[in-house]
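Trainee: pasting a predicted model and its sequence here:
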Amino acid sequence: MRIGIIGGGAAGLAAALELTSRGHFAEVFEAAPFLGGQASTFEVGGGQLERGYHHLFVSDTDMVDLINELDLGDSLEWLESKVGLFHGGRIWDFATPMDLLKFSPLPFVQRIRLGLWTFLLQKTRDWRKFEGVTAAEWTRDHMGEDAYRVIWEPMLRGKFGDYYDQVSMTWLWGKIYLRVASRKRMQKERLGYPMCSFGRVFDACGERIEIQGGRVHIGAAVKQINVEGGRALGFVASVDGGAETDYAYDAVIATTPSYIFTRLAPDLPDDYRLVLESARYLSAVLVILVLDRPLTSKYWLNVADRSLPFVGVIEHTNMIDRDLYGGNHIVYLTNYPDRNSELYRKEPEELLEDYVPHLRKLNPDFSRDWILDYHHHRVDGAQPINGVHYSERNIPDHRTPIGSLYLANTTQIYPEDRGTNYSVRMGRRVARMVLEDGEVL
């Protein structure tokens, strides 16, 4: 079979790798000048750094298998994560049950209650029992008003903005269940990182696809999917700014966000289109600081204080050796705004000016001259908003109503949250669907 794939992120590349490994021709078209999406890299201090922070949990077996398949397993290291919570003007250790017991902003009884319910969530495998209730309602009812007010509400507001009280408890269950899978008994969390960088992993994936007989294009924009007689016959694309050209295939896999897919495939039936149009996304806005010294002692710092203009502080070099980046210290400041928000529209210089005064709350010694350089990245369609009963009405089928046209994007990963591991799993799964359907035909 000949399969055209729209999008060179984790899902699209995994699909192409699966198809070419089985002897079929797959051709990937990526509009950006690089592969891997947010997991792509750029140069900092002579090393390659991800545009969006990335790591692996122990449970991310699909991504680990991909790294090993690409002969990059020797670069994968598992490192202890240092987790903190910023609340009440200070950074609290927040990595172990003992840290929770020491968290004095909550009354002792509330700490016990929070720890008990967190433990029960860790042991709960059935995510469906949480589908009909929001995270805001569930945490308030089960963990207590104090725990909700001090921890969950500011974090939900920071992550989802105006949608904070609409997010299903299934989303929060997934976060807690997944993180604990990266711990052994009472030990601290261990996270994985390929020291060659995630960008190198996806570049190697592209190289392997071509070795196996496929093709990979970057700077290649798909304009429209061609449909005739109820089937997708290929699409129109422009490579490297060249003329628009028709590409013919036996099947097409699109890995774009839903709102882009509806523009590429205008002939979708109304009922399927309505499911796609019901998808709501937040964008990721990241400011990456290159510092001459550490900002904090934590790798992952959750900000439970909405007076700070960012929701997360990920100090990459508090887990990854800074020598990979010329000895510099790397800090991601992250937000997930709506595309219509003021924060989303701000220029990088404006964001930096907004952020700098608040960095002194994290470290009173912080000085502007610590900043050697900074970078700004903005990614649309980064975070789907999963409301209650999401699985019953918001997940489009991978097999679209148009014959030989398939969709694989982050709205279909549920109940897991977005992530390279689940995108790789989904890409391989959809590739197998294409081949199964091809055998039937």
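Mentor: Now that the structure is in, tell me what you want to look at. Numbers count the residues shown, from 1 in each chain.
Trainee: and the contacts of the lowest-mean-pLDDT helix or strand in the chain?
Mentor: In the chain, the helix or strand scored least confidently by mean pLDDT, DSSP states H and E is helix 169-180, which has a mean of 83. Here helix 169-180 makes contact (CB atoms under 8 Å, 6 or more residues apart in numbering) with 57, 59, 118, 121-122, 124-125, 127-128, 130-131, 133-135, 137-139, 152, 189, 386, 390, 414-417. For glycine as for every other residue, the C-beta is placed from the backbone atoms N, C-alpha and C.
Trainee: with stretch 373-384 instead?
Mentor: Contact with stretch 373-384 is made by 37-38, 42, 44, 51-52, 159-160, 257, 259-260, 279-290, 336, 339, 344, 348, 351-352, 409-411, 414, 418, as judged by CB under 8 Å, 6+ apart.
Trainee: convert the C-alpha atoms of it to PDB, please.
Mentor: Output in PDB follows, covering the C-alpha atoms of stretch 373-384 (Å, rounded to 0.1, in the frame of the first residue of the first chain):
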ATOM      1  CA  ASP A 373      19.700  34.300  27.100                       C
ATOM      2  CA  TYR A 374      16.000  33.300  26.700                       C
ATOM      3  CA  HIS A 375      13.800  31.700  24.100                       C
ATOM      4  CA  HIS A 376      10.100  31.800  23.500                       C
ATOM      5  CA  HIS A 377       7.900  29.000  21.900                       C
ATOM      6  CA  ARG A 378       4.200  28.900  21.300                       C
ATOM      7  CA  VAL A 379       2.400  25.700  20.300                       C
ATOM      8  CA  ASP A 380      -1.300  25.700  19.300                       C
ATOM      9  CA  GLY A 381      -3.500  22.700  20.100                       C
ATOM     10  CA  ALA A 382      -1.200  21.600  22.900                       C
ATOM     11  CA  GLN A 383      -3.700  20.600  25.600                       C
ATOM     12  CA  PRO A 384      -7.200  19.200  24.800                       C
END
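Trainee: which strands and helices lie in contact with the longest helix along the chain?
Mentor: Scanning the chain for the helix with the most residues, using DSSP state H, yields helix 420-440. Judged by 3 or more CB pairs under 8 Å, 6 or more residues apart in numbering; DSSP states H and E, helix 420-440 is in contact with helix 10-21, helix 61-69, strand 251-254, strand 405-407.
Trainee: can you put these in JSON lines and add mean pLDDT, mean neighbour count and distance to Ala147?
Mentor: Shown next, in JSON lines, are the helices and strands packed on helix 420-440 (pLDDT from 0 to 100; neighbours: other CB atoms under 10 Å; distance: least, CB to CB, whole Å):
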{"stretch": "helix 10-21", "mean pLDDT": "98", "mean neighbour count": "28", "distance to Ala147": "34"}
{"stretch": "helix 61-69", "mean pLDDT": "97", "mean neighbour count": "19", "distance to Ala147": "32"}
{"stretch": "strand 251-254", "mean pLDDT": "98", "mean neighbour count": "28", "distance to Ala147": "41"}
{"stretch": "strand 405-407", "mean pLDDT": "98", "mean neighbour count": "24", "distance to Ala147": "38"}
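Trainee: so which of these gets nearest Met195?
Mentor: The closest of the helices and strands packed on helix 420-440 to Met195 is helix 61-69. By CB to CB, the value is 11.0 Å.
Trainee: after the closest one comes which helix or strand?
Mentor: Next helix or strand after helix 61-69 toward the C-terminus (DSSP states H and E): strand 76-80.
Trainee: what ranges in the chain fall below the confidence cut-off?
Mentor: 178-188, 440-441 (pLDDT under 70).
Trainee: and it, split by domain according to the record?
Mentor: Listed by automatic domain parsing, the domain ranges of the chain are 2-77+196-278+395-440, 96-180.
Trainee: how about the ones you listed, which one is nearest Trp370?
Mentor: In this view, these are compared for proximity to Trp370 by CB to CB, and domain 2-77+196-278+395-440 is the closest at 15.0 Å.
Trainee: burial measure for the residue lying closest to Trp173 once chain neighbours are set aside, as a count.
Mentor: Computed as CB to CB, 6 or more residues apart in numbering, the closest residue to Trp173 that is not its neighbour in sequence is Phe130, at 5.1 Å. A total of 21 residues lie near Phe130 under the criterion other CB atoms under 10 Å.
Trainee: the host helix or strand of Glu27 packs against which elements?
Mentor: Using DSSP H and E, Glu27 sits in strand 25-30. For strand 25-30, the elements it packs on are strand 2-6, helix 10-21, helix 198-211, strand 215-218, strand 220-228, strand 231-239, judged by 3+ CB pairs under 8 Å, 6+ apart.
Trainee: contacts for the third one next, please.
Mentor: The contact list for helix 198-211 (CB under 8 Å, 6+ apart) reads 8-10, 13-14, 16-17, 20, 26, 28, 34-36, 39-41, 48, 50, 54, 66-67, 69-72, 75, 194, 215-216, 420.
Trainee: generate a ChimeraX selection restricted to the buried subset of those.
Mentor: To isolate the buried members of those in ChimeraX, using 16 or more other CB atoms under 10 Å:
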select :8,9,10,13,14,16,17,20,26,28,34,35,36,39,40,41,48,50,54,66,67,70,72,194,215,216,420
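Trainee: returning to that earlier point: quick check: buried residues in the longest helix of the chain?
Mentor: The neighbour-count check on helix 420-440 (16+ other CB under 10 Å) flags 420-431, 433-434, 437 as buried.
Trainee: equivalent analysis for stretch 240-251, please.
Mentor: Buried-residue list, stretch 240-251, by 16+ other CB under 10 Å: Tyr247, Tyr249, Asp250, Ala251.
Trainee: cool, stretch 317-335 as well?
Mentor: Neighbour-count burial for stretch 317-335 [16+ other CB under 10 Å]: 317-320, 322, 324-325, 328-335.
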